[in-house]
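Trainee: mind folding the following:
(2 chains)
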Number of protein chains: 2
Amino acid sequence: MYIVYAKENNIYKKDCKENTYHLVRLLERLKEFQAKNPSEELCIQFEEGEYHFYPDFAKEKTLYISNHDEDTLKRCAFYLEGFRNLHIKGLDSHFIFHTELIPFYVNESEHITIESVTMDYAVPSYSEATVVETGINRMVIHMDTLKYPIEIQNGEALFPRENGTHSLIWWLEMDKERLAPAYDIKDMVFGFEEKKERPSIWTDLGNGYYEITLTKKGDCFPENSKASNRLILRHHLRTHPAIYITDSANIMLKDVVLYHAVGMGVIAERSFDITLEKVEVKIHPQKQRIFTTTADATHFVLCGGKIYLKECLFENQLDDPINVHGIYTRIEKIESDSKILVQLVHNQHKGVCFGKKGQTVQCVRQDTMIGYHKTTIQSITPLNKDFIQIEFMEPCKEMQVGDAVENLFYVPNVHIEHCVFQNNRARGALLTSAGEVLVENNIFRTAGAAILIEGDARSWFESGATKHIVIRNNRFENCSYVTDWGEAPIQVSPSVLKAEGKVRYHKHIIIEQNQFECFDERLLYAKHVEKLEWKENIVIHSKMFPPLGKEKFLLDEVVEFILQ
Amino acid sequence: MYIVYAKENNIYKKDCKENTYHLVRLLERLKEFQAKNPSEELCIQFEEGEYHFYPDFAKEKTLYISNHDEDTLKRCAFYLEGFRNLHIKGLDSHFIFHTELIPFYVNESEHITIESVTMDYAVPSYSEATVVETGINRMVIHMDTLKYPIEIQNGEALFPRENGTHSLIWWLEMDKERLAPAYDIKDMVFGFEEKKERPSIWTDLGNGYYEITLTKKGDCFPENSKASNRLILRHHLRTHPAIYITDSANIMLKDVVLYHAVGMGVIAERSFDITLEKVEVKIHPQKQRIFTTTADATHFVLCGGKIYLKECLFENQLDDPINVHGIYTRIEKIESDSKILVQLVHNQHKGVCFGKKGQTVQCVRQDTMIGYHKTTIQSITPLNKDFIQIEFMEPCKEMQVGDAVENLFYVPNVHIEHCVFQNNRARGALLTSAGEVLVENNIFRTAGAAILIEGDARSWFESGATKHIVIRNNRFENCSYVTDWGEAPIQVSPSVLKAEGKVRYHKHIIIEQNQFECFDERLLYAKHVEKLEWKENIVIHSKMFPPLGKEKFLLDEVVEFILQ
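Mentor: Down below sits the predicted model:
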């Protein structure tokens, strides 16, 4: 292995803009080296210490990051494109990023390892406050305005940060003891950009106290709002994940800690064999911010091979710990039996590369969500970020406008073991893959459903139908205590409109030998499954929260339910 | 010539989203045809009528449009890339564009003609109002809210349009009789996006009347503000020019009328031999909006060959009628005698392709703005939209950080004749080209300087030094009546800090046989010229406006001034 040391390449443990520049230059040199020595393994070694990275000299590209908010130019610090056998290794190394910067972008690369580094931002993209007084349409909060500067302008709250001044999008209340979402709380949405869904007037009461009054008639704060709760204020779109992987294979993240990202922790698209071992998305031990990444801890879209999570901890991120899915595109125009125009419907799928020539795709009926025509992509050309022209190898006369097309080339096996998922906004593991899925020996302490198996061609457009899922030997501790984020600790709920015969969207789900600690009766909510097995699970009753539901098993369109 | 008819290709004179889709498909087919028949000339013929184009099915690309505000994905209706000998011909054909769409994008194409079409937008991106009452920090205006919808939210004015809801950026008062900028008026800047430079409170008085109060202590409306003036309200960035030409040659625009664009009328970069004949940027005869394009009528950046404007009319656009210039990049880092990192400094130059391998560039001193090292580009690689890595063929030891680099490959000859420039915001013809420049037989009725010859490596970073400019037989009618936009009808004002010996930034300017109708003494303001000739010009005094200055000729660092 050929080892290069960061400090010998002018990348120093200090707060300067030059580090990014010298990193760019180093990566250029390593690429030249690799072109001449294709079989040599490379390692960039960082020594102990704090390294700052600014966007000024970073490389950039228009990125259509799936399940993120924007499709604009993004700057990336570690811009790893076309690399093989590259190891980036820290040694108690702390990377601090500034403003709008993606720490790691891995594209068309293979055998990449990122190891033993922590990542944080100098200035977080969200803010915190404390609820002081609550009322129906009036609330008083307190902010540490040195840490989280705020300006009131004509009754509107503005948050000046490293990357510009932003207005409030939404907030969420967190319980100050549990450091987790408040019981049965609701996202309090204020609005996006100039259009305010929820008009409000902010008044500066001095000393960091602010009064917020909702001005729309009948509008009110959440019922479960409570003085002493800690508030997370969102005033930035989800734009910059910490690690963004596309069209790559054999990626290993090991002993990586993410304290914050302006988006997801790890998001991969069209990539194979990704391992996360001892990756932690967690509260910073000194800074003690109650939020970590501002969206999912990990997310895998149109991936294949094996997705393996081992001994990870994901807490306090503002969306799910893991979501594995494909994308349903919707047929917009049928030019001929083999030529169609499809739409990337969901706003966060815009521009995502849906497939490549030679890959197998399948047409899916809008109502039953059952596939009816498998074929190979003859040609695929994006028209713009909304629409894609696709030509099939084999024609099909049965296609209808409104039906969906899914890509069957990317089917990952998922193995999640010995992980802890806790205290985040939203749900736990979201698993929609036709591969082998095994979830074992994990601990779930999630506010929403701990495990959610969906499949949806009408709202989120996340495919696909699963074949075999085993959920074994996990502990579910008082999950599903926020109604908006789930029906029960385990939820299977594809957006199927009608079932036909004995064919169901999901095939075989086994839930066995788990321990459920529950504050009410709810255990399982499941729809549209062919075979569902509930075996040898232990249920322990707790008094953690007031109950939210009564039905143990709420089943619909389940062909075979085995209860042991 | 191979003629295809729009209507035979499903492009109809109606208001539908499908036109853009069928246009995309038609252009695909024509490109295939052209690949097989490279010498055949092509014509797309539109018959008489009104055609609508929506962005939904348009092709898109991340465009770094020089002297525009954003570097994001742009959709383009006529996306002409890699075409040769293509003629787009109307016949009393009116194109109506919707929301955020560039009507024509011409890239890497040759011998393209656009002829006999008018272009407008269904919903203009700016609004209009009338001044009803004026005061020091209070004003009452009236708006036709059916034509220009407005919402007041917490004292802020919001403008919902086809492309979203926007807030006020600035406004400008226009004289209702002259339909031109009010005498010695000032742009009234309110602020960009969330950060308000000028806080104000809007109150809805009913029936389309709104009261605006400035809330910052000491802030006031312009002194020359007047009841009855017509107001142009800007609430959109300059993002979508009507015709955007890059890396192309032999472009002809003939009998083209532009009533509106969310940016410039015509902007060309790195292109050669562009002719505009009877191109009109003008007030719509029925709609009678007082504004036309929201930025310059025409703009040529890093162009070569001949720029020829003949019998054009440019009125009421919200910036200059024509601006010809190059770009100064600034040296940020000197890696070696032949390898530097330069910056595109001005915010509206970000991402613009500054040059290509093999082109001649020149280093220019920061203070004198005189060139000191000519060389050829060995390699050029953008790092991001701010910085470019350049390697020179010939090394230079005298380079200093802060000096500028200009591209000498693009030097256009400019010929402007029989044109009328009137009633727009800002100046007239901005001419900085080292080629032959001839301005003859035109009429200027501009609020700022009618002709401005600059060159600036400190603020706008527009190059370059001129060699020979002839301004002959034009009529200048009461120009330069707004102080902020010019010193005199003709102004030469490069941002040179010091002159050395007898070398000056601009070489030889001849102003002869023109007729100046002037409301005060001012005729010429000139700095840093080697030879300046003022010959046989006629001056007629008018009482059009109160005088703004007394000096006929205000000269500084002019080596030779010939007055006949």
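Trainee: switch to C-alpha atoms for all contacts and neighbour counts from now on
Mentor: Noted.
Trainee: what residues does the stretch 1-150 of chain A put near chain B?
Mentor: A:D56, A:F57, A:A58, A:K59, A:E60, A:K61, A:T62, A:D71, A:T72, A:L73, A:R75 (Cα under 8 Å from any Cα of the partner chain).
Trainee: distance check, the third one against B:Q343.
Mentor: Distance, A:A58 to B:Q343, using Cα to Cα, to the nearest Å: 13 Å.
Trainee: which one of the residues of the stretch 1-150 of chain A next to chain B sits in the busiest neighbourhood?
Mentor: Note: the member of those with the most neighbours is A:A58, at 28 neighbours, neighbours being other Cα atoms under 10 Å in any protein chain shown.
Trainee: part of a helix, is A:H236?
Mentor: No - counting by DSSP: H, G, I helix; E, B strand; the rest coil, A:H236 falls outside a helix, being coil.
Trainee: how about the nearest residue to it, chain neighbours excluded?
Mentor: Spatially, and ignoring its direct neighbours in sequence, A:H236 is nearest to A:S125 (6.2 Å; Cα to Cα, 6 or more residues apart in numbering or on different chains).
Trainee: wait, that neighbour sits on A:H235?
Mentor: Yes - A:S125 lies in contact with A:H235 (Cα atoms under 8 Å); the separation is 7.2 Å.
Trainee: which neighbours do the two have in common?
Mentor: Here A:S125 and A:H235 share no contacting residue, scored by Cα atoms under 8 Å, 6 or more residues apart in numbering or on different chains.
Trainee: and for A:I44, the neighbour number?
Mentor: When neighbours are counted by other Cα under 10 Å, A:I44 comes out with 21.
Trainee: ok, and what's touching the host helix or strand of it?
Mentor: Taking DSSP states H and E as the criterion, A:I44 maps to strand A:42-45. For strand A:42-45, the surrounding residues in contact (Cα under 8 Å, 6+ apart) are A:1-6, A:85-91.
Trainee: determine which two of those are furthest apart.
Mentor: The span of the contacts of strand A:42-45, defined through Cα to Cα, is set by A:N85 and A:L91 at 19.3 Å.
Trainee: more crowded one of those two?
Mentor: When A:N85 and A:L91 are compared for neighbours, A:N85 comes out ahead with 19 against 14, by other Cα under 10 Å.
Trainee: where does the more buried one sit: helix, strand or coil?
Mentor: Three-state call for A:N85 (three-state DSSP): strand.
Trainee: then A:V539 would be within a strand, right?
Mentor: Yes - counting by three-state DSSP, one finds A:V539 located in a strand.
Trainee: still on that earlier bit, most neighbours of all the contacts of strand A:42-45, which one?
Mentor: Neighbour-wise, these (other Cα under 10 Å) top out at A:L86, 24 neighbours.
Trainee: any idea which element the residue most central in space within chain A lies in?
Mentor: Geometric centre of chain A, nearest residue: A:D296, 2.6 Å, by Cα atoms, centre = their mean. According to DSSP H and E, A:D296 maps onto no helix or strand at all.
Trainee: strand partners of the strand holding A:I44, parallel vs antiparallel please.
Mentor: With DSSP bridges as the test, strand A:42-45 is paired with strand A:2-5 (parallel), strand A:84-97 (parallel).
Trainee: export those to TSV and append columns for mean pLDDT.
Mentor: Formatted as TSV, these follow (pLDDT from 0 to 100):
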stretch	mean pLDDT
strand A:2-5	97
strand A:84-97	97
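Trainee: of all those, which one is nearest B:K498?
Mentor: The closest of the strands paired with strand A:42-45 to B:K498 is strand A:84-97. By Cα to Cα, the value is 41.6 Å.
Trainee: okay, that closest one in PDB with CA atoms only?
Mentor: Coordinates of each C-alpha in strand A:84-97 appear next as PDB, following Å, rounded to 0.1, in the frame of the first residue of the first chain:
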ATOM      1  CA  ARG A  84      -9.900   2.400  -7.000                       C
ATOM      2  CA  ASN A  85      -8.500   1.000  -3.900                       C
ATOM      3  CA  LEU A  86      -8.300   4.300  -2.000                       C
ATOM      4  CA  HIS A  87      -8.300   4.300   1.800                       C
ATOM      5  CA  ILE A  88      -8.900   7.500   3.700                       C
ATOM      6  CA  LYS A  89      -7.700   6.900   7.300                       C
ATOM      7  CA  GLY A  90      -7.800   9.100  10.300                       C
ATOM      8  CA  LEU A  91      -6.300   8.600  13.700                       C
ATOM      9  CA  ASP A  92      -8.500  10.400  16.100                       C
ATOM     10  CA  SER A  93      -9.000  12.900  13.300                       C
ATOM     11  CA  HIS A  94     -11.700  15.500  13.400                       C
ATOM     12  CA  PHE A  95     -13.000  17.100  10.200                       C
ATOM     13  CA  ILE A  96     -14.800  20.400  10.600                       C
ATOM     14  CA  PHE A  97     -16.700  21.600   7.500                       C
END
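Trainee: which residues touch that strand?
Mentor: A:40-54, A:103, A:109-122.
Trainee: looking at these, which are in strands?
Mentor: Residues of these located in strands (DSSP state E): A:42-45, A:49-53, A:103, A:110-121.
Trainee: farthest-apart pair in the residues of the stretch 1-150 of chain A next to chain B, please.
Mentor: Once Cα to Cα is applied, the residues of the stretch 1-150 of chain A next to chain B give A:F57 and A:D71 as the farthest pair, at 20.5 Å.
Trainee: check which helix or strand covers A:I340.
Mentor: Per DSSP H and E, A:I340 falls inside strand A:339-343.
Trainee: which SS class is A:P124?
Mentor: A:P124 ends up coil, using three-state DSSP.
Trainee: how about it, nearest residue that isn't a chain neighbour?
Mentor: Sequence neighbours aside, A:H260 is the residue nearest to A:P124 in space, at 7.1 Å (criterion: Cα to Cα, 6+ apart).
Trainee: hang on, the earlier thing: okay, now the residue nearest to A:H236: neighbour count?
Mentor: For A:S125, using other Cα under 10 Å, the count is 27.
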